[in-house]
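> no FASTA, just this:
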């Protein structure tokens with residue numbers, strides 16, 4: 001059988017797949033590995049696959065295992081000759097300044113190319129590990145000296161020195177977080193809907209860079225907006241030359257007052273006279289960006305994280321605090337490795353040159369001020385501004401918000417809040433489908449008119465609950481909170497009063513309730529009481545009785561029941577599309593009634609017994625249903641045994657999830673293969689204005705067909721990813 005993918009390679013040397021065309025034993029891990037390769041390249045995929053196959057590992061273990069898998073068999077004598085050649089020829093040409101054009105002779109020891117994922121250099125492995133760490137795709141644990149791991153003093157907290165070669169950290173790959181990489185455009189669109197366009201640009205910048213300082217995020221977004229304004233100004237200036245022609249026409253014919261007002265209010269005159277307004281527009285854009293960043297921080301869409309501190313910065317902290325700072329508590333440190341993969345310290349702790357205490361204090365203040373002002377010696381791993389200070393205009397706009405955004409704070413996108421916001425939107429849409437205007441068209445009951453805005457109310461309540469969980473004011477401001485207060489706050493998650501969700505209500509629902517007798521709060525409380533009476537599915541439950549309550553009652557959304565209803569609908573549709581309507585009916589019967597024999601299933605499903613048995617065996621083959629055999633005697637005679645069919649919901653969900661993982665994995669492979677095959681078409685399309693190679697009608701038809709195929713694959717991937725999000729991540 002020929003290989004449909006040809007020479008298409010999508011696996012790393014350490015992948016758990018035996019070949020490029022084999023089925024993955026773990027579809028979720030295969031999908032995560034493919035996402036890593038698509039977004040970060042084959043070298044990072046090799047390191048991620050090593051962490052998947054070996055589990056939690058240290059840097060030295062990663063280097064040793066990857067080198068053992070990627071290094072080919074090479075002659076030791078050839079290596080000795082290369083070293084001798086470098087030493088002799090280097091000494092001979094040292095006076096002339098000729099040392100192989102400044103480069104040594106290296107012997108390739110890898111079994112394949114780096115584009116295929118074969119890496120043997122420890123520095124490349126370290127760089128790939130830092131990429132995963134920067135994007136929060138690995139978890140760091142440990143930080144204790146290796147000798148004290150198995151001692152009897154393990155219970156005592158041991159603070160590690162990150163500059164010591166005896167300190168070992170363990171890294172664990174987060175496959176579930178790697179699967180979220182294709183979902184990043186959905187997060188950006190959600191930020192655009194909830195905040196504004198500037199908020200979407202901020203979220204997109206953070207998703208691209210992983211984590212950044214607040215000053216660097218604002219600088220990147222502001223630069224993009226300024227470039228857009230400059231481009232618009234150039235276009236307007238090119239069109240402003242037509243104003244002279246209009247003035248010449250006035251000399252021949254006397255214009256009216258309406259024509260004069262229309263001329264001076266046109267874009268041509270405005271653009272020609274907008275040179276003085278450009279600076280004010282840019283300042284207003286900066287204020288809008290800072291306001292959007294503040295909204296995202298208060299809403300919990302971005303969260304502060306501990307920075308990846310370098311060894312030099314860790315030494316500064318040790319000098320400041322006079323203690324050995326723990327690398328995990330103070331942030332993961334940036335390590336260095338030698339050619340053999342051994343961790344070495346980049347800097348050593350030195351005594352201050354000044355002999356007096358005052359001089360040492362002065363040097364400490366200089367270090368601290370250089371860190372805050374962004375001096376040339378400042379070490380910044382998040383924005384690429386190591387040699388440039390922070391923009392003073394951005395710093396000035398952030399000064400009133402320093403309690404919310406401390407200097408040098410590092411942020412990343414909070415995927416938990418993004419999923420909570422998407423969950424509120426999806427569940428609200430489902431409730432609106434049940435009780436919205438379209439559902440009430442078939443009913444003449446007047447009581448159902450109170451449920452016209454049920455979906456918007458559910459979305460507002462779940463949004464308020466997400467803010468309670470992911471954006472508490474104590475956590476945002478960094479205030480100290482006792483354990484008792486923390487547990488009390490966690491117990492209140494999801495509970496709300498009508499006045500709590502009023503700011504999150506849609507505009508149409510709020511306007512409709514304001515126009516009714518009694519006002520917004522009274523009508524909202526009455527609607528929530530009416531929703532609490534619905535039982536299939538339950539939507540709202542009353543935590544505190546609304547009668548006599550000063551705030552109109554306390555309620556809570558039945559999130560678990562609504563999600564289960566939505567997942568059951570998805571499972572029923574998946575089984576129907578794969579095995580037919582009768583198979584989905586049989587699974588629903590087994591889910592409701594439990595253990596049943598095949599004859600009873602055939603009778604309840606209203607199908608022949610033979611057809612029911614065939615469908616049951618197909619479902620059992622795909623692990624959708626389970627078979628329980630109950631033997632009547634000790635001889636285990638199959639003729640006298642009773643066979644009962646039943647459904648285990650967790651196993652059914654796991655089987656469907658594996659099918660969804662595998663479908664997304666195959667669709668992504670198909671799209672990557674199509675892009676590789678049609679790379680020439682894409683390059684020719686980019687140069688369509690400079691060459692006439694695509695002028696032929698047949699080439700245009702094939703190119704449009706190719707683009708339409710990619711669009712269909714993208715739509716299928718997005719739909720399956722939304723299904724996976726509902727089944728797994730919400």
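Sure thing, it's come through. From a predicted model like this one, the values you see are computed outputs, not experimental measurements.
> what element comes up after the host helix or strand of residue 566 heading to the C-terminus?
Using DSSP states H and E, residue 566 sits in helix 559-579. Using DSSP H and E, the helix or strand that follows helix 559-579 in sequence is helix 581-593.
> tilt between that next one and helix 559-579?
150 degrees (axes from the mean of the first three to the mean of the last three C-alpha atoms, to 10 degrees).
> Which other helices and strands does whatever helix or strand comes next after helix 581-593 contact?
With elements assigned by DSSP H and E, the helix or strand that comes after helix 581-593 is helix 598-605. Helix 598-605 sits against helix 581-593, helix 609-621, strand 642-646, with contacts defined as 3 or more C-beta pairs under 8 Å, 6 or more residues apart in numbering; DSSP states H and E. Bear in mind the C-beta positions are built from the backbone N, C-alpha and C, glycine included.
> if you set the cut-off to 6 Å instead, what comes out?
helix 581-593, helix 609-621 (3 or more C-beta pairs under 6 Å, 6 or more residues apart in numbering; DSSP states H and E).
> May I see these organised as a markdown table, with mean neighbour count and distance to residue 410 added?
What follows is the helices and strands packed on helix 598-605, written out as a markdown table (neighbours: other C-beta atoms under 10 Å; distance: least, C-beta to C-beta, whole Å):
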| stretch | mean neighbour count | distance to residue 410 |
| --- | --- | --- |
| helix 581-593 | 18 | 47 |
| helix 609-621 | 16 | 50 |
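> quick one, which of these is nearest to residue 454?
Nearest to residue 454 among those is helix 581-593 (26.0 Å), distances taken as C-beta to C-beta.
> pLDDT of that closest one, averaged?
Mean per-residue pLDDT for helix 581-593: 91.
> same check, this time on stretch 699-718
86.
> what comes up buried for that stretch?
Using 16 or more other C-beta atoms under 10 Å as the test for burial, stretch 699-718 gives 703, 706, 713, 717.
> What strand or helix carries residue 427?
helix 415-435.
> ok, and what's touching that helix?
Residues outside helix 415-435 that contact it (C-beta atoms under 6 Å, 6 or more residues apart in numbering): 180, 187, 190, 300-301, 451, 454-455, 458-459, 462-463, 466, 470, 562, 566, 729-730.
> returning to what we had before: would you turn the helices and strands packed on helix 598-605 into TSV with distance to residue 133?
Below are these laid out as TSV (distance: least, C-beta to C-beta, whole Å):
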stretch	distance to residue 133
helix 581-593	43
helix 609-621	42
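> can you tell which of these is closest to residue 48?
Once the helices and strands packed on helix 598-605 are compared by C-beta to C-beta, helix 609-621 is nearest, at 32.4 Å.
> Pull out the buried positions in the next helix or strand after that closest one.
Counting by DSSP H and E, the element after helix 609-621 in chain order, helix or strand, is strand 626-630. Buried residues in strand 626-630, counted by 16+ other C-beta under 10 Å: residue 626.
> Partner strands of strand 626-630 and their direction?
strand 642-646 (antiparallel) (DSSP bridges).
> so the strand it pairs with versus helix 598-605, what angle?
Using the same axes, to 10 degrees, strand 642-646 lies at 40 degrees relative to helix 598-605.
> pLDDT (mean, whole number) over strand 642-646?
So the average pLDDT for strand 642-646 ends up being 88.
> same deal with stretch 58-77?
81.
> ends of it, how far apart?
32 Å (C-alpha to C-alpha, to the nearest Å).
> Do a quick rundown of the strands in the stretch 1-150 of the chain.
138-145 (DSSP state E, counting those that start in this stretch).
> those helices in it, which residues are they?
Secondary structure of the stretch 1-150 of the chain (DSSP state H, counting those that start in this stretch): helices located at 27-40, 42-54, 59-70, 76-92, 122-134.
> Also the stretch 151-300 of the chain?
So, for the stretch 151-300 of the chain - with DSSP H, counting those that start in this stretch - the helices run 175-178, 184-194, 197-209, 214-239, 242-252, 257-264, 267-272, 278-299.
> and the fourth one with helix 197-209, angle?
Orientation check (the same axes, to 10 degrees): helix 214-239 against helix 197-209 gives 120 degrees.
> Can you point out the buried residues in helix 214-239?
For helix 214-239, by 16+ other C-beta under 10 Å, it's 214-222, 225.
> pretty sure residue 206 is touching residue 413, no?
Yes. Using C-beta atoms under 6 Å, residue 206 makes contact with residue 413 at a distance of 4.9 Å.
> can I get the buried residues of stretch 699-718 in TSV with secondary structure and distance to residue 664?
Below are the buried residues of stretch 699-718 laid out as TSV (DSSP: H, G, I helix; E, B strand; the rest coil; distance: C-beta to C-beta, whole Å):
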residue	secondary structure	distance to residue 664
703	helix	26
706	helix	22
713	helix	11
717	helix	6
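> Looking at the residues you listed, spot the one nearest residue 294.
For the buried residues of stretch 699-718, the nearest to residue 294 is residue 717 (34.2 Å; C-beta to C-beta).
> residues contacting that closest one?
residue 667.
> give me the number of residues near residue 413?
Neighbour count of residue 413, defined by other C-beta atoms under 10 Å: 25.
> And it, how close does it get to residue 713?
Separation of residue 413 from residue 713 (C-beta to C-beta, to the nearest Å): 26 Å.
> again with residue 600
Distance from residue 600 to residue 713, by C-beta to C-beta: 44 Å.
> Kindly report the same for residue 390.
Counting by C-beta to C-beta, the gap from residue 390 to residue 713 is 43 Å.
> what do you get for residue 435?
Distance, residue 435 to residue 713, using C-beta to C-beta: 36 Å.
> one step back: quick one, which of the helices and strands packed on helix 598-605 gets closest to residue 13.
helix 609-621 (33.6 Å).
> so what pLDDT did residue 195 get?
pLDDT, residue 195: 88.
> for residue 663, same thing?
91.
> can you check residue 363 too?
45.
> Which of the helices and strands in the protein ranks last by mean pLDDT?
Lowest on mean pLDDT, DSSP states H and E among the helices and strands of the chain sits helix 327-330, with a mean of 36.
> For the helix or strand where residue 513 lies, name the packing helices and strands.
Taking DSSP H and E as the definition, one finds residue 513 inside helix 507-515. Applying 3+ C-beta pairs under 6 Å, 6+ apart, one finds that helix 507-515 contacts helix 519-532.
> so the helix or strand following the helix it packs on versus helix 519-532, what angle?
Next along the chain after helix 519-532, taking DSSP H and E as the criterion, comes strand 540-544. For strand 540-544 against helix 519-532, the angle by the same axes, to 10 degrees is 110 degrees.
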